[in-house]
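A.B. asks: Sequence and predicted structure are below.
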Amino acid sequence: MDNSVSNWILNMGVDGAPVPPKSLAHCPRFNGPSIIINPSCKSSQNNPYILDPISGSRIYLQDSEEVLYRFLAERSNEDLAIIPNKIFSFERSTMDRPISQSSWLCKIQVDLCNPPLNVVGEPSSCKALTRESACFRACSALFDLGILSSCFFPPRPIHTWQHGILQPSKSKVAVDTYYPLVLPLFWHNCLLATPSRLFYPTLIQLCAGSGSGTHRDVLLLTRIPLGAVNEFSLFPNQIELKVSLHQYAPISFNPEQLELIFQYTLHLWRILGNKPYESPSGELAYFVVPLELDSKLKTTYVPHTASIEPFISWHEVNKLVLSRVRPLRCGNMDEMSLDLLEGVIQDRPNDFTRRFEDAKLRKDLNPLSVIMQDKPGEPKISLLDYYRTHRHEFEGIKNLQQPLIEATLLPGLANQLNPQEPPAQLSNNYLVPEMCHVSTIPASTFRTASFIPSVIWHIENVLIAKEVNLTFFQGQIRDELVMHALCSRMAHRTFSYERLEFLGDTFIKYAASAYLYGTEPSAPSGFLHARRQKMVNNRSLWLGAEGLGLAPCIQSEVFRPKQWFIPNVFIPKKNQTQEENLGVTEQAQLLSSRQFSRQIPPKAIADVVEAMIGAALLSGGEKLAFSVAKVLGMDMPKTCDWVEVVSYAPNKPRVTTPKEPSNNKEILEGVMKIIGISLESPELLLQAMQHPSMARCSESYERLEFLGDAILDMLVVQSFFSDQEEWSPHSMTLLKSSMVSNRALAVICVESGLHQYLIHDMNSLTKSIVSFIKAVEARKQEAQTDTQRLRYWSKLVAPKALGDVVESLLGAIYVASGFSISRVKTVYDRLLKPFYDRYIDKQAMLTHPMSRLMKKLESVGCRAFGISKTEVPLASGSGSGFKCEVKLHGQVIAEATREKAQQAITHATEQALDELETRPDRILAKCTCRIGPQGKKRKRTLVEDVEEGEVVEPLPGDDVDHPIDVDMFDF
């Protein structure tokens with residue numbers, strides 16, 4: 001426990017505690033007891049509680065004090081720790097009674113929120129009970145203001161597990177890789193609150209760019225607070241449109257208003273979706289109402305306490321409920337022009353028909369004008385003749401001289417969340433005014449309403465991310481990062497899990513290495529490598545996610561508006577009775593449109609696990625990332641948390657004294673001078689210098705090199721995330737491969753002078769090192785005038801021991817400093833970073849054919865990529881050369897043999913790029929990673945052709961047959 005928290009608890013007395021330190025707000029509670037144990041009465045159904053709409057958690061009286069402490073801790077200033085500020089004050093309440101029978105009143109007055117808390121508890125003879133009452137009332141007030149975050153609630157109760165993300169599937173899926181979509185628990189809780197007339201409004205505001213038309217503001221109404229949703233973007237016709245959501249004060253509606261809102265929302269969905277939606281219960285999870293046009297809402301920030309009820313356009317609501325359309329005003333040219341300018345036009349009075357916008361009069365045309373054409377190449381006909389042949393029960397046109405209307409067809413619902421969604425093909429249509437009707441929904445409202453399915457889909461993904469965070473990780477990861485971690489690139493959003501996955505993959509390698517080094521003190525490096533591979537491979541990660549039930553929460557496909565379905569709403573089937581409809585309604589409440597399963601490959605699920613760990617690392621550092629990894633099933637049975645892993649750091653390193661003590665002192669002094677820091681147990685640095693050839697004298701550096709390799713990866717990847725440039729995963733792969741390659745580390749070893757202290761017993765190694773040093777110096781001299789001077793070491797052959805000793809040195813510093821990666825980073829910044837800054841040209845490296853090939857494969861979603869480099873005899877018989885093979889899913893798609901390795905790699909990757917450009921269908925025919933090159937969904941394996949429990953999708957990430965050689969990225 002944090003020292004500041006411990007000191008705060010010591011200051012707690014019968015009158016409560018002062019404002020807690022900031023660190024209390026996010027003290028981990030992974031399946032642990034509450035930090036503050038309060039006086040409590042027995043919990044029962046009659047006890048009042050505050051329900052968290054996201055997770056279903058409840059705050060009872062006995063929980064409220066801890067919740068209030070955590071809330072105030074997050075809002076507190078660090079300076080308050082110096083000057084304690086009391087939360088509670090008590091006074092006697094005699095209430096016309098003798099002092100001996102008086103009660104205590106607890107008052108809470110805190111100005112850490114807006115408006116300030118000013119609450120009085122129920123009178124009680126006991127200070128603890130009135131304090132408990134005051135805390136509960138304070139929590140209620142904060143909740144009503146919408147500022148009591150879900151992360152302050154207790155863990156999710158078991159009774160909510162039948163709904164939301166933990167909802168069991170209602171239909172059996174025969175193949176393990178098929179998962180149903182889930183609805184957030186929030187909608188279920190909204191429906192449970194249906195007796196209430198109190199609604200929490202959320203303003204949906206669209207900030208349009210040029211050319212996107214005007215958009216009316218609308219209100220999303222829910223019976224429980226939606227909470228904060230960050231600004232996001234829609235992309236109608238590939239034009240970015242910012243969407244912001246603002247919370248306002250709760251509104252209480254009377255029964256007549258509730259009925260109007262229900263009818264308006266249902267009619268709006270019917271018109272937008274062109275589907276006969278029904279809801280016999282008369283209740284929806286959410287409602288929508290339009291607002292009056294008012295510039296104040298667009299320019300003024302409004303706090304949670306402001307009322308937005310006066311801005312509701314009841315006139316517009318009534319018009320749609322009473323009549324969906326009205327005839328176009330054809331009698332007066334000015335009135336008709338106004339209808340065409342501001343209205344949505346339809347050529348039939350039906351709910352389910354085509355609609356048009358941007359209408360204008362064409363006085364040069366009339367119903368007899370020859371302007372219509374059924375098919376290209378056929379002769380044109382008049383609009384009158386066209387109606388006679390195409391319009392059902394056509395009764396003729398009264399005025400054959402009236403001007404026509406030219407209008408643009410409104411497209412159906414589309415996915416507005418995809419920035420690459422092809423723009424809708426606009427088509428001009430000609431209409432006869434006397435046959436036209438005007439929708440009672442204004443064009444500005446209609447435009448906004450057409451975006452609502454995409455907005456709701458985004459909100460649902462936000463709610464699912466929050467629910468995942470609260471259910472599994474107690475809300476300790478940043479919600480935005482959880483949402484990114486759950487989003488596949490195949491969802492075609494502006495974000496995905498891939499960067500977080502890269503970070504998480506690096507962390508679990510690092511965490512597993514530290515865990516194994518500490519818990520297996522006598523195991524050789526070969527055993528450690530094998531155990532680590534088993535712990536971090538994709539199958540282990542996938543099985544962990546399966547056990548947790550994480551897969552259904554993944555946003556693995558694009559949003560399809562035609563499958564969008566409102567909770568508690570259904571489309572009636574023919575010949576269904578009202579009683580049968582009610583049964584369907586109950587099913588819709590549970591499944592909604594999520595009855596369609598989707599395939600998620602095990603590799604993608606394993607990627608999400610790594611991404612979630614990466615999100616935890618960015619949110620709370622090593623401790624939180626390790627705890628999340630444990631929750632996600634990472635096999636580390638000997639430890640509970642990261643603190644326990646650190647406790648395994650050896651206090652006294654096991655180092656056998658070599659033959660020459662005087663030489664050891666010289667080595668220690670030399671190495672200490674190079675690293676530039678002091679260590680409490682510097683003896684471990686000797687082991688870091690011990691080559692395996694000296695194993696008969698003392699333990700070699702192999703175990704430390706195993707640990708240092710993972711630490712170096714971690715430091716390099718963290719440097720990418722601290723850059724201003726947001727590197728893509730394939731870019732980070734290339735850059736890291738070059739930075740941690742043996743050749744680069746060997747040059748660093750030589751330039752730092754570390755090679756002088758390598759302890760070994762091999763004449764051949766001595767000769768190799770001397771030869772390498774001469775080659776490095778020669779290359780450096782050549783590079784003085786070479787335009788490619790940043791690559792001077794790229795063609796050198798480096799002794800492996802030189803790279804190993806750099807990694808083992810980092811491992812030794814890590815262990816000697818008590819598993820502190822910050823101490824290692826100090827040496828990294830001194831020893832490695834200057835070299836990287838000078839010689840690693842990140843931008844130039846990304847133009848290499850290997851980089852372009854990886855980027856191309858990333859764009860089509862293929863991840864089963866491998867490349868091998870082998871030495872082979874040349875066909876000319878003039879010696880040996882190198883053969884490079886590029887493989888997808890184990891199949892060779894390109895190969896090249898050249899005298900030099902770099903030439904072979906360059907030619908093979910260029911050939912693979914050409915194959916992907918010219919014959920993508922053939923090359924990617926067997927790819928099952930994501931989707932095909934044209935964005936089409938690949939054919940699913942038939943359920944009847946698959947054995948129950950069989951995993952159809954292999955785990956291509958476990959690609960040991962053709963790994964990528966990191967040295968081939970040096971250029």
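C.D. replies: That came through fine. Numbering: from 1, shown residues only.

A.B. asks: what's near enough to touch residue 815?
C.D. replies: Residue 815 sits next to 517, 649, 650, 653, 684, 704, 707 when contact means C-beta atoms under 8 Å, 6 or more residues apart in numbering. In this view, the C-beta of every residue, glycine as well, is placed from N, C-alpha and C.

A.B. asks: Most neighbours among these, which one is it?
C.D. replies: Each of the contacts of residue 815 was scored for neighbours by other C-beta atoms under 10 Å, and residue 704 scores highest at 31 neighbours.

A.B. asks: I figured that one hits residue 808, correct?
C.D. replies: Yes. If you go by C-beta atoms under 8 Å, residue 704 and residue 808 touch, sitting 4.0 Å apart.

A.B. asks: quick one: common contacting residues for these two?
C.D. replies: By C-beta under 8 Å, 6+ apart, residue 704 and residue 808 have these common neighbours: 687, 688.

A.B. asks: for the stretch 351-500 of the chain, which spans come out with low pLDDT?
C.D. replies: Along the stretch 351-500 of the chain, the model assigns pLDDT under 70 to no residue.

A.B. asks: make it 80
C.D. replies: Applying pLDDT under 80 to the stretch 351-500 of the chain flags residues 374-377, 420-427.

A.B. asks: helix, strand or coil for the closest residue in space to residue 428 that isn't next to it in sequence?
C.D. replies: Leaving aside its sequence neighbours, residue 428 sits nearest to residue 406 (C-beta to C-beta, 6 or more residues apart in numbering; 5.7 Å). Three-state call for residue 406 (DSSP: H, G, I helix; E, B strand; the rest coil): strand.

A.B. asks: ok now do residue 406, which residues does it touch?
C.D. replies: 359, 360, 361, 362, 365, 428, 429, 430, 431.

A.B. asks: Turn the buried ones among those residues into a named ChimeraX selection, would you?
C.D. replies: Buried residues among the contacts of residue 406 (16 or more other C-beta atoms under 10 Å), as a ChimeraX selection:
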select :359,361,365,429,430,431
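
A.B. asks: want to throw the contacts of residue 406 into CSV with distance to residue 377?
C.D. replies: Formatted as CSV, the contacts of residue 406 follow (distance: C-beta to C-beta, whole Å):
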residue, distance to residue 377
359, 29
360, 29
361, 30
362, 25
365, 22
428, 19
429, 20
430, 20
431, 25
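
A.B. asks: of the contacts of residue 406, closest to residue 560?
C.D. replies: Within the contacts of residue 406, proximity to residue 560 (C-beta to C-beta) peaks at residue 429, which comes in at 26.1 Å.

A.B. asks: State whether the closest one is indeed within a strand.
C.D. replies: Yes. With three-state DSSP as the criterion, residue 429 is part of a strand.

A.B. asks: so what are the domain limits for the protein?
C.D. replies: Split into domains by automatic domain parsing, the chain comes to 3-159, 197-321, 325-439, 453-647, 661-845, 861-969.

A.B. asks: nearest to residue 189, of those?
C.D. replies: domain 3-159 (4.8 Å).

A.B. asks: Distance from the chain centre to that closest one, please.
C.D. replies: 32 Å (C-alpha atoms, centre = their mean, to the nearest Å).

A.B. asks: Need the mean per-residue confidence for it.
C.D. replies: Mean pLDDT, domain 3-159: 75.

A.B. asks: now do stretch 270-286
C.D. replies: 88.

A.B. asks: Any idea how far apart the tips of stretch 235-252 sit?
C.D. replies: Taking C-alpha to C-alpha, to the nearest Å, the first and last residues of stretch 235-252 lie 35 Å apart.

A.B. asks: how about low-confidence regions in the stretch 701-850 of the chain?
C.D. replies: 779-796, 839, 841-848, 850.

A.B. asks: Run through the helices of it in chain order.
C.D. replies: 702-722, 729-739, 742-752, 763-782, 800-816, 821-831, 833-839, 842-845, 849-860 (DSSP state H, counting those that start in this stretch).

A.B. asks: Buried deepest among the ones you listed, which one?
C.D. replies: Most buried of these by mean neighbour count (mean count of other C-beta atoms under 10 Å) is helix 800-816; its value is a mean of 26.

A.B. asks: Name the nearest residue to residue 8, sequence neighbours excluded.
C.D. replies: Nearest one to residue 8, counting by C-beta to C-beta, 6+ apart, is residue 20 at 5.1 Å.
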